[in-house]
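Asker: Output the structure for:
(chains A and B)
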Amino acid sequence: MVFFERTHTMKKLAVVVFCSFLGVFLFAQQSDEVPPATRTLAITDAIIIPEPGKKLEGATLLIRDGLIEEVGTRVTIPPDARIIKADSMFIYPGFISGLSHAGMPSPRGREEDEERPKVDDPGDPPNELAGIQPQRRLVDLLDPAEKSLDEYRKAGFTAAQVMPEGRMLPGTAGLILLHGHTPGEMLVREETALAAQLRGARRMYPATVIGVMTKFRELYRQAEQAMQHEVKYASKPAGLKRPVKDPVLQALYPVVERRLPVVFVAEEVKDVHRVLALQKDLGFELALAEVKQGWHLADELAAGKWPLFLSLDLPEEPKSQTKKAKQDTILTESGDTTLVSSEDPEKKALEKRRAEAMERHLKQAATLHQRGIPFGFATVETKPKDVAENLRRYVASGLPEETALAALTTQAADFLEVSAIMGTLEKGKLGNAVVWTQSMFEEDARVRYVLVEGQLYEYEARKKGKKGDPDAVVALAGTWSYAMDIPGQPMEGTIKLTDDGGAVSGEISNPMTGEMRPLEGVSLDGNNLRFEFAVDAGGQNITVSYDLIFEGEYFEGEVEAGQFGVFPVEGERIGEPE
Amino acid sequence: MMRYFWILVALLIAPWANGQTAKGDVLIKNGTVLTITQGVKENTDVLIREGKIRRIGKGLKTPKGVQEIDATGLYVMPGIIDAHSHIAIDAVNEATNPVTAEVWVGDALDPLDLSIYHALAGGVTISHAMHGSANVIGGQCETIKHRYGTYNPAELRMEGAPRTIKFALGENPMRVHGEGNDKQPSTRMGVEQVFRRAFDQAREYARAKAEYKKGDRALPPTYNERMEVLADVLSGDIIIHCHSYRADEIYMLMQVLEDYGVDRIVFQHVNEGFKVAPELADFGAMASVFSDWWAYKFEVYYSTAYNAAILTRNGVVTSINSDSPELIRHLYHEAAKSQRYGKLTDEEALALITINPAKQLGIEDRVGSVEVGKDGDLVLFENHPLSVYAIPQMTLVDGVVYFNRRGDLDDMRLDVDPEETEASYMDEAIEDRCMQGVAEQMGW
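Answerer: Okay, the predicted model is just below:
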């Protein structure tokens, strides 16, 4: 208990420390979009995968006015087309996320750390605080400038089923294009499902999974009752109490009428069983999303035939400890010292079981595929930049590449009932495509272009450079953004660098306040820049050191913050030298 | 070692492939059978077919396809039943309201809880997974069978067991709602009023429903899960299990129930039960107590290790419960302590953890003794279960062996974290499970 409390305090302290010197400097990504000179685009000489299992070499994709005009090896390129040569690159249909929060304003801070919102009676809180908001609609919530949209595009996605952030009933889910100036422009299907999760309210009713399950049943039955009341009143109002319009219950009517499915986020095997129990009780149409332990549920999933979106969030391999078997010196009975291996058999057995558990997680997709269960992928819990890597891990564990691609394209389109307009590269469908530098399943493959309804997004073909190159010559001067990947508390800010003939200096922003502080101990070796500074963390002095590798317009590296650990950091140039 | 684990797991899981719970066929040979209800039978065999006890006798023939278990020198007794525990559930308290009759821990069953296996290792085959004691009227509970190895929560349910609900008196609900949220109840008087108000509302609700059914009302009352459940409590369809300590409040609740015509109640903990034992017996109330655990808060100071014996001798159906994932592993010792203090007979002492808790859960016609027709829930002991040297050797549920001391593996976890190598005991709960989850919801 004490241990946990301390860990919690440590986390809090870490947050305080980081806030005090790194903090968040939010810069909205400006869309400096100029109307394109032409709305005709030809990507030529590429390897095109028009749909999973098919391959065209030396082929051209022609898109006009947002729609696919032609796909093939003998495409006549019209004179007004902008031509992009994509020699040896791979073009796939644009990816579709089965469920995500793309385009939703990010929730402020870590709400678990916040005080409970003021409420008169925690046993009977207002619906919006209790997380009961099924009437919320994407058209009122989507933010076309939300930066997650570009993060998703950068990972190859062009469309996504999206649900609002929230708790038990956060709102209606819909299908959007990852592109557009207004929510209306983005929305392809305004209502695909009612979103639901077994996630209780914060310190108020329903706070626990038992509260949520009961509340769900009650609302459903109340909606049934309210509908009957309305029907009765419509046919013979005289002498009958007038039905009162309740927007929460009204939002459930299409679910009760089986016109709208419920898309339930259910990660673990127990969650899925609970959701299936609700479905069995009430009989609504169901879709399951973010499923992480599907191998336990193959029978149920095969029998239910529900749209299924597996999680693309895979467990991480533990940081490898020292490979060499540790050796200890012990005193033998005769008084000599001798070397023995301290490899603990109990630890070894535990490690073995951990590795087996990891294997089952990585094989989830392959296992369900072998059982003939179709699925797409959900990305509620996944960072878009991890998608390619996790996809490759699924494939390395036995998932056929074709099925992996189908899960992101044709199968997702089928579940979301948009096969007529997306999922494959075919004449007449939306111009949604992703161009990879090589096969997307290759380790070094990177997304080079993404097209959403014919709109081109271009991404730098950079390579991961983990090691510094002492002979590299880099131009550091200018303004850079940085983003640190601290679990639960990502932080962003800017770094300004000046280069006075090899003597680099600069300053870094406090992510909270935007306040700049000078860099100390700056050293540059080839493209490897290091600097540090000391901070006072509530009476404790901590040295924060950065170790960054620059390549072109990007950098990546690590930041070490004293006892709080080492965190990945990356960034890109956002301004030229003044 | 691991290979055997998977064989065991496969054995455990395979029978569920068709969605049915596993039923075993075994013949337990030549044991000393402590039937509880029909005396002690030496050198006796017990035949279990399809999960039910088919025959009890000497020198039974082993039918084809039936596994033989040699119990020579061992004691065979009915599986131990714990009338009060919080293992195998992911949520214990919905502590946000003084009345939460509508919630049900059966919605949060956790078949992956390692505590189930630990309980099996202590000979416990059935436990009563209860809502906590944060609220005056807490949630509905679930009687579970310890079929460890399944990933499907529904497989833990004891099909057909009566519905039960948790009530709580005294300091816990007063602290959570009175002190914590500044609402009723702040006092023991307030607790009584919370009951009366909830029952009155439920009566109204039930009446409105009945009127609608008869056609005397145009519309039904607005559907309300809480009222639905409370109406079932008032009509006697749900057995009340009430967390209680002091004699005055125990007596209070009996009076309240009498006013509303409810008579099925089991008092839990009931540390001052010895002061009102005749009154409990008169009412027909039952008692589920600790053998010798008290003084962990003010209202639990006036206690005695003679409680179980005094209640028993006054004709109150009494059980010993654990309320703890640790105590559940040695309920036979707890029963033995009550015997040591109160001079109970072997049969009386063993009844405290078998047939009596079965009566309290309304399942005495199916479990709690070794009788033909009952479920094949048995535990085999080396040495008499009331001896300090008693060691459970094998535990069966529905005739299926779920624990066998020979071949017991080091690591019985069903859900292993793929990211961390951890020791199995590291996440053991150490807090008072009855109030689990409350601090979090209260922001304490």
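
Asker: Near residue 244, how many other residues are there?
Answerer: By default, I'm working from chain A. 8 (other CB atoms under 10 Å in any protein chain shown). Every C-beta, even on glycine, is put in place using the N, C-alpha and C of the backbone.

Asker: wrong one, chain B
Answerer: Per other CB under 10 Å, the neighbour tally for B:Ser244 reads 26.

Asker: quick one: contacts for it?
Answerer: By CB atoms under 8 Å, 6 or more residues apart in numbering or on different chains, the contact set of B:Ser244 is B:168-170, B:250, B:253, B:267-270.

Asker: can you pick the most crowded of those?
Answerer: B:Phe267 (32 neighbours).

Asker: Check which helix or strand that one maps to.
Answerer: strand B:265-269 (DSSP states H and E).

Asker: you'd agree A:Pro577 is up against A:Gly478?
Answerer: Yes. Counting by CB atoms under 8 Å, A:Gly478 is a contact partner of A:Pro577 at 4.9 Å.

Asker: Pick out whichever of these two has more residues nearby.
Answerer: Per other CB under 10 Å, whichever of A:Pro577 and A:Gly478 has more neighbours is A:Gly478, with 18 against 12.

Asker: quick one: pLDDT of A:Ser505?
Answerer: At A:Ser505, the model reports a pLDDT of 88.

Asker: on that earlier part again, which of the contacts of B:Ser244 lies closest to chain A?
Answerer: When the contacts of B:Ser244 are compared for distance to chain A (CB to the nearest CB), B:Ala168 wins out at 15.2 Å.

Asker: Distance of that closest one relative to B:Tyr260?
Answerer: Going from B:Ala168 to B:Tyr260 by CB to CB, to the nearest Å gives 18 Å.

Asker: Chain B contacts on the stretch 151-300 of chain A?
Answerer: A:203-211, A:213-214, A:217-218, A:221-222, A:225, A:229, A:232, A:239-241, A:269-270, A:273-274, A:277, A:296, A:299 (CB under 8 Å from any CB of the partner chain).

Asker: Now which of those residues would you call buried?
Answerer: Among these, the ones that count as buried by 16 or more other CB atoms under 10 Å in any protein chain shown are A:203-211, A:213-214, A:217-218, A:221-222, A:225, A:229, A:269-270, A:273-274, A:277, A:296.

Asker: for the stretch 251-400 of chain B, what spans make up the helices?
Answerer: With DSSP state H, counting those that start in this stretch as the criterion, the stretch 251-400 of chain B has helices at B:277-283, B:307-313, B:331-342, B:346-351, B:355-360.

Asker: Can you work out which other helices and strands pack against the second one?
Answerer: Same thing as helix B:307-313. Counting contacts by 3 or more CB pairs under 8 Å, 6 or more residues apart in numbering or on different chains; DSSP states H and E, helix B:307-313 is packed against helix B:277-283, strand B:286-289, strand B:318-320, helix B:331-342.

Asker: repeat that with 10 Å
Answerer: helix B:277-283, strand B:286-289, strand B:318-320, helix B:331-342, helix B:346-351 (3 or more CB pairs under 10 Å, 6 or more residues apart in numbering or on different chains; DSSP states H and E).

Asker: and of these, who's closest to chain A?
Answerer: Of all those, strand B:286-289 sits nearest to chain A, with 22.1 Å by CB to the nearest CB.

Asker: partners of that closest one in the sheet?
Answerer: strand B:265-269 (parallel), strand B:318-320 (parallel) (DSSP bridges).

Asker: is it fair to say B:Glu204 lies in a helix?
Answerer: Yes. Secondary structure of B:Glu204 (DSSP: H, G, I helix; E, B strand; the rest coil): part of a helix.

Asker: Kindly provide the whole-number mean pLDDT of the helix ranked longest in chain A.
Answerer: Assignment by DSSP state H gives helix A:209-235 as the longest helix of chain A. Averaging pLDDT along helix A:209-235 yields 98.

Asker: What's the first helix or strand after the helix or strand where A:Ala42 lies?
Answerer: Secondary structure from DSSP H and E places A:Ala42 in strand A:40-48. Downstream of strand A:40-48, the first helix or strand assigned by DSSP H and E is strand A:56-64.

Asker: Tell me which residue in chain B sits closest to chain A.
Answerer: B:Asn97 (2.9 Å).

Asker: Let me know the pLDDT of that residue.
Answerer: Reading off the confidence values, B:Asn97 has pLDDT 97.

Asker: Just give the closest residue to it, not the sequence neighbours.
Answerer: Leaving aside its chain neighbours, B:Asn97 sits nearest to A:Gly123 (2.9 Å; criterion: CB to CB, 6 or more residues apart in numbering or on different chains).

Asker: my read: that neighbour touches A:Tyr205, true?
Answerer: Yes. Counting by CB atoms under 10 Å, A:Gly123 touches A:Tyr205, with 5.2 Å between them.

Asker: sorry, back to before: pull the number of nearby residues for the residue of chain B closest to chain A.
Answerer: 28.

Asker: do the same with A:Gly521
Answerer: Neighbourhood size, A:Gly521 [other CB under 10 Å]: 12.

Asker: how close does it get to A:Asp471?
Answerer: 23 Å.
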